[in-house]
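Q: next comes the sequence, and after it the predicted model I'd like to discuss.
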Amino acid sequence: MVSFEIARVWRRATVCRMQSPRVRDHSWGHLSVEVIGDLGDAKLWPGGGREWNWAETGTHHEPGIQPDDVQELLEHNPDVVVLTRGRELRLQVMDATLELLERRGVRVVRDETASAIDAYNDLVDQGVQVAALIHSTC
């Protein structure tokens, strides 16, 4: 009886893990994300995502991605967070952001936008709980 109950709870927890949306296509200033649609920059997480509006947190290329930019991603308990640097690698990442992710035990992938999107989609395809901040231009 006890093992049946554990199995039922485990199966329910496994089924509830949501997959992150794949990036279907991307170009300068444009992202096409499954289920969500067309975006400029994106915040993506297991089960959803939305436009990443830098004005919400006052983000600029320097000093770059702030802890407040990743807070919404962390609410969805990702195992990995992909941080894109832009197509020309102009977007920086604050040390405090990396420290926050490390404290939370989240693996970080940082790369040029196209390479980071490939890594993100690969992680989605592997069933990894992954979130991303995608900057589609410079």
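A: Looks like it came in fine. Residues are numbered from 1 along each chain as shown.
Q: pull out the buried positions in stretch 54-62.
A: 54, 57, 59, 61 (16 or more other Cβ atoms under 10 Å). Glycine gets a C-beta too; all of them are placed from N, C-alpha and C.
Q: what does stretch 38-48 give?
A: In stretch 38-48, counting by 16+ other Cβ under 10 Å, buried: 39, 41-46.
Q: could those residues be laid out in CSV, adding distance to residue 130 and pLDDT?
A: Below are those laid out as CSV (distance: Cβ to Cβ, whole Å; pLDDT from 0 to 100):
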residue, distance to residue 130, pLDDT
39, 17, 98
41, 17, 98
42, 13, 98
43, 12, 98
44, 8, 98
45, 8, 98
46, 7, 98
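Q: of the residues you listed, which is the nearest to residue 29?
A: Residue 29 lies nearest to residue 41 out of the buried residues of stretch 38-48, by Cβ to Cβ, at 8.9 Å.
Q: that closest one and residue 136 touch, don't they?
A: Yes: with contact defined as Cβ atoms under 8 Å, residue 41 reaches residue 136; the gap is 5.6 Å.
Q: identify the contacts common to those two.
A: residue 31 (Cβ atoms under 8 Å, 6 or more residues apart in numbering).
Q: give the next helix or strand downstream of the worst-scoring helix or strand of the chain on mean pLDDT.
A: Across the helices and strands of the chain, mean pLDDT, DSSP states H and E gives its lowest value to helix 2-16, namely a mean of 39. Sequence order places strand 23-27 as the next helix or strand after helix 2-16, per DSSP states H and E.
Q: packing partners of that next one?
A: The contact analysis (3 or more Cβ pairs under 8 Å, 6 or more residues apart in numbering; DSSP states H and E) places strand 23-27 against strand 30-33, helix 113-125.
Q: same list, the ones you listed, but as TSV with mean neighbour count, mean pLDDT and distance to residue 71 please.
A: What follows is those, written out as TSV (neighbours: other Cβ atoms under 10 Å; pLDDT from 0 to 100; distance: least, Cβ to Cβ, whole Å):
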stretch	mean neighbour count	mean pLDDT	distance to residue 71
strand 30-33	18	98	20
helix 113-125	18	98	19
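Q: can you get me a residue count around residue 135?
A: When neighbours are defined as other Cβ atoms under 10 Å, residue 135 has 24 of them.
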